[in-house]
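[1] curious how this folds, go ahead:
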Amino acid sequence: MRFEVSRFLKPANVTIGIILLMGAVSSGGFAMGSSHNNGHMDIQVPASFGDLEGYVAPGDSEVLPTGLLRIYSTKDIQSVAGLPEAVQAQAALVRKLDPLSLQSGIQDATDAAAQLGVTPSDFDRVAYSSAGKRAKSNRILAVEGENGSRAFFVARIAADQPDGAVSGIFHCVEQAQLPVAYRATYLGKIAPSTLIEIKEEICQKPKM
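    I've put the predicted structure just below:
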């Protein structure tokens, strides 16, 4: 399935297949005594996601075994103490995207985010270590769900390969109730057309 970047402005015509329920492998890493249970959990990559890979955030020294994804989480996006500094800084950027008016489905929110003072480069500056070379992010894709649930994916997406596998960071925001819950995970080999399925698995199924 191929997406043109310009078409992200419209609801994506993506059929959501049945995805096997994915259980949590561990829920370690939570700050003891934290009122918001800030920390991380590792979950298995569903077989239906193919070569999808997971990575850890800078500052996280705990090894992530192959075949797992690490989800950083807080029950209050305004209270992120205990999470890696790179994740805390990204949560602050995601909070600035709250005023965005989004359509249902996958869409390109890059220009709208820029009007709020948030760019892909802003995420890159705080999300990655300065060591090593990597492709600079150029898109902020949004996935609007039901009941105030939304997600953002920040990555570099080539104009001539809009659905090519890329690396990026996926952010979940649950706005249906207060406080607003937030999750973030570093992903590799992800096709933008699968973001709705990714959102279902990462934002909604794992229970912290």
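[2] name the residues of the helix ranked longest in the chain that are buried.
    Ranked by residue count, the top helix of the chain under DSSP state H comes out as helix 85-96. Under the neighbour-count criterion of 16 or more other Cβ atoms under 10 Å, helix 85-96 has 86-91, 93-94 buried. Just so you know, the C-beta spots here come from the backbone N, C-alpha and C atoms, and that holds for glycine as well.
[3] all strands of this protein, in order?
    24-26, 39-44, 53-55, 68-74, 105-108, 139-144, 149-155, 166-174, 181-190 (DSSP state E).
[4] now these in CSV, with mean neighbour count?
    Below are these laid out as CSV (neighbours: other Cβ atoms under 10 Å):
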stretch, mean neighbour count
strand 24-26, 14
strand 39-44, 21
strand 53-55, 18
strand 68-74, 24
strand 105-108, 22
strand 139-144, 24
strand 149-155, 23
strand 166-174, 23
strand 181-190, 22
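[5] what helices or strands is the longest helix of the chain leaning on?
    helix 120-127, strand 166-174, strand 181-190 (3 or more Cβ pairs under 8 Å, 6 or more residues apart in numbering; DSSP states H and E).
[6] low-confidence bits of the chain, can you list those?
    The chain contains residues with pLDDT under 70 at 1-36, 131-133, 207-208.
[7] tell me the centre residue of it?
    residue 170 (1.2 Å; Cα atoms, centre = their mean).
[8] that one contacts residue 185, correct?
    Yes. Counting by Cβ atoms under 8 Å, residue 170 does reach residue 185; the two are 5.2 Å apart.
[9] overlap in contacts, the two.
    Shared contacts of residue 170 and residue 185 (Cβ atoms under 8 Å, 6 or more residues apart in numbering): residue 202.
[10] who touches stretch 156-169?
    1-5, 51, 55, 90, 120, 123, 127, 134-139, 141, 153-155, 184-193.
[11] show the end-to-end separation of that stretch, please.
    11 Å (Cα to Cα, to the nearest Å).
[12] repeat that for stretch 174-192.
    Note: stretch 174-192 ends 21 Å apart using Cα to Cα.
[13] run the chain-centre distance for that stretch.
    4 Å (Cα atoms, centre = their mean, to the nearest Å).
[14] sorry, back to before: residue contacts, the residue nearest to the centre of the chain?
    Residues near residue 170 by Cβ under 8 Å, 6+ apart: 151-153, 184-185, 187, 190, 195, 198-199, 202.
[15] can you rerun that using 7 Å?
    151, 153, 184-185, 187, 198, 202 (Cβ atoms under 7 Å, 6 or more residues apart in numbering).
[16] what pairs with it across the strands?
    Taking DSSP bridges as the rule, residue 170 bridges to residue 153, residue 185.
[17] quick one on the thing from earlier: looking at the strands of the chain, which is nearest to residue 82?
    Nearest to residue 82, of all the strands of the chain, is strand 39-44, at 6.4 Å by Cβ to Cβ.
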